[in-house]
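Undergrad: output the structure for:
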Amino acid sequence: MYPPEVLARRHSLPLKPDPVTLTGALCLVEPLDLDRDVEALHQVSNGQPIAGQPPYDANERIWKYMSGGPFAEASGLRAWLAAQDAAPDGRPFVVRAKGRAVGVANLIANTPAHLKIELGSIWYAPIAQRTGVSREVTELLLAHVFQLGYLRAEWKCDAKNEPSRRAALAYGFQFEGIQDAHYIIKGRRRDTAWYRWLAQEWAGRAGSPTM
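TA: Numbering: from 1, shown residues only. This is a model prediction of the structure:
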């Protein structure tokens, strides 16, 4: 049995994660503002040249395994992000690096009754890939949710998404298995690979008092 103070968290944590700003050495994570952020996010994710870099295949570099995209127009990206912003059990965050919006990370599938939450619907522009930003954002979000009192943090991805699967393991998540035919995404079957961090594992890693 969990002690009463742990069980009490189920009633104090909100269904929709609270807005919070998290600061790291490489990036800033803050609640998504559609009016402020969509145009900037579209500019770095639509396949057009960025900061002197050549054009790129937006589908291959970002959107292939996401539920939406690629987006030819910013309005399409806005509609997709607006649904995430409106989710009763989720909260999207914009990720900034060197003062520029470079991606989005969500806390989703929040289930306070079982003290679990998921890091999901995460994507980064090519200018942020392989820079350490993804790792730092993941660590900031994990530290945040375990400090709040969650017992389990999940990471799920398309079983064919090898970069995401490698990232989950590199960030310390434990592989739990594959759920076959979990979703239909963009008209195709998605088998989902499941990963997780537990609070006691995080406490051992980070020296946190979280149970």
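Undergrad: give me the contact list for stretch 59-66.
TA: 45, 69-71, 121, 123-126, 129, 157-158, 160-161, 164, 185 (C-beta atoms under 8 Å, 6 or more residues apart in numbering). For every residue, glycine as well, the C-beta is placed using N, CA and C.
Undergrad: among those, which ones are buried?
TA: The neighbour count (16 or more other C-beta atoms under 10 Å) marks 45, 69-71, 121, 123-126, 157-158, 161, 164 as buried among the contacts of stretch 59-66.
Undergrad: want to throw these into TSV with pLDDT?
TA: Below are the buried ones among the contacts of stretch 59-66 laid out as TSV (pLDDT from 0 to 100):
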residue	pLDDT
Ser45	98
Gly69	98
Pro70	98
Phe71	98
Ser121	98
Trp123	98
Tyr124	98
Ala125	97
Pro126	96
Cys157	98
Asp158	98
Asn161	98
Ser164	98
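Undergrad: can you list the low-confidence ranges for this protein?
TA: The chain contains residues with pLDDT under 70 at 206-211.
Undergrad: ranges for the strands of it?
TA: 22-23, 27-31, 91-97, 100-111, 116-124, 152-158, 174-185, 188-198 (DSSP state E).
Undergrad: can I get those strands in JSON lines with distance to Lys16?
TA: What follows is these, written out as JSON lines (distance: least, C-beta to C-beta, whole Å):
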{"stretch": "strand 22-23", "distance to Lys16": "17"}
{"stretch": "strand 27-31", "distance to Lys16": "11"}
{"stretch": "strand 91-97", "distance to Lys16": "6"}
{"stretch": "strand 100-111", "distance to Lys16": "7"}
{"stretch": "strand 116-124", "distance to Lys16": "11"}
{"stretch": "strand 152-158", "distance to Lys16": "17"}
{"stretch": "strand 174-185", "distance to Lys16": "22"}
{"stretch": "strand 188-198", "distance to Lys16": "21"}
